[in-house]
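Peer 1: quick one, what's the 3D model for this:
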Amino acid sequence: MSKLQQHKNIKSAITILTSLFLLTVVYLSLHLSQIPKIDVFADDDCTTVDWQDVSTSGLTNVTINVSDSAATKTCLIVNTTETEEDIFTTRGEVISLSFTNLQNVKTLKIGNNAFTQKHGADNKLESITFPNGLQNLEIGEFSFLQETTDAGDNALAGVEFPQSLKSLIIGELAFQQTAQGGENALSYISFPDELDILSIGYGAFMQIEQNGSGQNNSLTSVVFPNTVTNLTIGGSSFSQSTATGQNALSSITFPTNLTSLEIGFSAFYQSASSADAKNALTNVDFPDGLETLIIDNQAFAQYIHGGSNNNALQEIIFPSSLKELTIDDEGFLQYNEGDGDNALQSVNFPVGLETLSNGDDAFHQTAHYGDNTLISVTFPYGLNSLIINSRAFKQDAYDGDVALISFLFRFDNDTIPENVRIGSSITDLGFVAGNLPWTWYGTPEEDAQM
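Peer 2: Numbering: from 1, shown residues only. Predicted coordinates:
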């Protein structure tokens, strides 16, 4: 056989294989499109169930009772094949969820949208009882989301995770509550004491109240387990906003063993709009031992639109163990459009800090009819890098007072950081308001003489 003939044969074979491949793709596309979309986790060791098929109590009090043959497996995946229409109708009638016959199960995975409630009136799910003995729990996106599309309340008042857990992964918007003209009931979250892995996705516990009449957001505190050493908190995960009432979150307790912490954008953002508008978070205390801290855009921003209440955040404590600190744009911004004041009075960056970056408007305060309260900012000696971006400490007051009077830099010309960027220049104070005194100061011994 000639080389030319061999080449033709190879070319023909390639053409045939290509045609077969395309036919296979078309076949699969036609047939797979007819299969209902089910969120199934890829895990051969798991039993996968549709909760409607194994519920022993109907659509009101749902008990997932796995068969004896399936109960021998150590992993359970709970999904739903419900349509989008079902989510808006029958799903809102579910009041409680529990599990039985899961004594061998160590890993539980709740699929995306598994128990989502989007009801015209009230969403009625008020309790979730996870099985004891679990070691790993993964909750998919929108799994327990509650959203009223008409005037109504969201009923889920608390989430308690089993103490036996070692790993907890919470997907995006997993427990988010949005009330159109009603109240959000979630007031407490109980994490296990000794978690090794904790991941919290975007908007996991976000609360939004819209178009109501004096309704409040209910979550008052967040306590993270002390055993977690590295923690990333997703954007908007604990944010609260209300159009007619008050935000309740007043306390955050971070793990005492943390060495690295990243807080996503708007993670603890609070915004309130009404004649009685109020934000509750008064202080943020980062734990000793923390070395790396990243605070994303608007992570602790507070907005008040109307009324006479003050913005609440008064104190931020950075630990002496901190080495790297990044605060992105508007990280601690305070904005008060009512008659009240902004509350933060001082910012003290700790000695021992090596790298410090403040984004645009990081501590910007705006008061329309009240006063701004931030008086002083103190930077430590020993910094290797200092970045202060535009308006980082700017204050705007329309009918009230501007408080900022002092910037203290604890280093002299011999100890100025190698990398310094402050606004457009050191003399152009474009990042603050007015003509402020600057103090460049050096050693601890000199500092003690002040």
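Peer 1: OK, contacts around residue 154?
Peer 2: By C-beta atoms under 8 Å, 6 or more residues apart in numbering, the residues touching residue 154 are 117, 122-123, 146-148, 177-179, 182-186. All C-beta atoms are positioned from the backbone trio N, CA, C, and that covers glycine.
Peer 1: ok, now residue 187?
Peer 2: Neighbouring residues of residue 187 by C-beta under 8 Å, 6+ apart: 157, 158, 218, 219, 220, 248.
Peer 1: burial count for the nearest residue in space to residue 153 that is not next to it in sequence?
Peer 2: Leaving out its chain neighbours, the residue that sits closest to residue 153 by C-beta to C-beta, 6 or more residues apart in numbering is residue 182, at 3.9 Å. Using other C-beta atoms under 10 Å, the number of residues around residue 182 comes to 24.
Peer 1: and residue 182, how close does it get to residue 210?
Peer 2: Per C-beta to C-beta, to the nearest Å, residue 182 is found 9 Å from residue 210.
Peer 1: strands of the stretch 1-150 of the chain, start to end?
Peer 2: 46-50, 61-65, 75-79, 96-100, 107-110, 117-119, 127-128, 136-139, 146-151 (DSSP state E, counting those that start in this stretch).
Peer 1: the shortest one pairs with which strands, and in what direction?
Peer 2: Spelled out, that is strand 127-128. Using DSSP bridges, strand 127-128 pairs in its sheet with strand 96-100 (parallel).
Peer 1: can I get stretch 108-118 in CSV? Just the C-alpha atoms.
Peer 2: C-alpha atoms of stretch 108-118 as CSV (Å, rounded to 0.1, in the frame of the first residue of the first chain):
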residue,chain,number,x,y,z
LEU,A,108,-25.1,14.8,55.5
LYS,A,109,-25.4,17.0,52.4
ILE,A,110,-28.4,19.1,51.7
GLY,A,111,-28.8,19.9,48.0
ASN,A,112,-29.2,23.3,46.5
ASN,A,113,-32.8,24.7,46.9
ALA,A,114,-33.8,21.6,48.8
PHE,A,115,-36.1,23.4,51.2
THR,A,116,-36.3,26.9,49.7
GLN,A,117,-39.5,28.7,50.6
LYS,A,118,-40.8,31.6,48.5
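Peer 1: shouldn't residue 418 be in contact with residue 384?
Peer 2: Yes: look at residue 418 against residue 384 with C-beta atoms under 8 Å: they come within range, at 6.0 Å.
Peer 1: who has more neighbours, these two?
Peer 2: Taking other C-beta under 10 Å, residue 418 and residue 384 do not tie; residue 384 has more neighbours (13 against 8).
Peer 1: for the more buried one, which non-adjacent residue is closest in space?
Peer 2: Of all residues not flanking residue 384 in the chain, residue 354 sits nearest, at 4.9 Å (C-beta to C-beta, 6+ apart).
Peer 1: ok, the one you found to residue 269 distance?
Peer 2: Using C-beta to C-beta, residue 354 is found at 28 Å from residue 269.
Peer 1: ok, back up a step: select only the buried ones of the contacts of residue 187 in ChimeraX?
Peer 2: Only the buried entries of the contacts of residue 187 go into this ChimeraX selection, using 16 or more other C-beta atoms under 10 Å:
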select :218,219,248
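Peer 1: tell me which of the contacts of residue 187 fall in strands.
Peer 2: Among the contacts of residue 187, the members falling in strands (DSSP state E) are residue 158.
Peer 1: for residue 306, state which of the contacts of residue 187 is nearest.
Peer 2: Nearest to residue 306 among the contacts of residue 187, counting by C-beta to C-beta, is residue 248 at 18.1 Å.
Peer 1: you'd agree the closest one is up against residue 222?
Peer 2: No: Residue 248 lies out of contact with residue 222 (C-beta under 8 Å); the separation is 11.3 Å.
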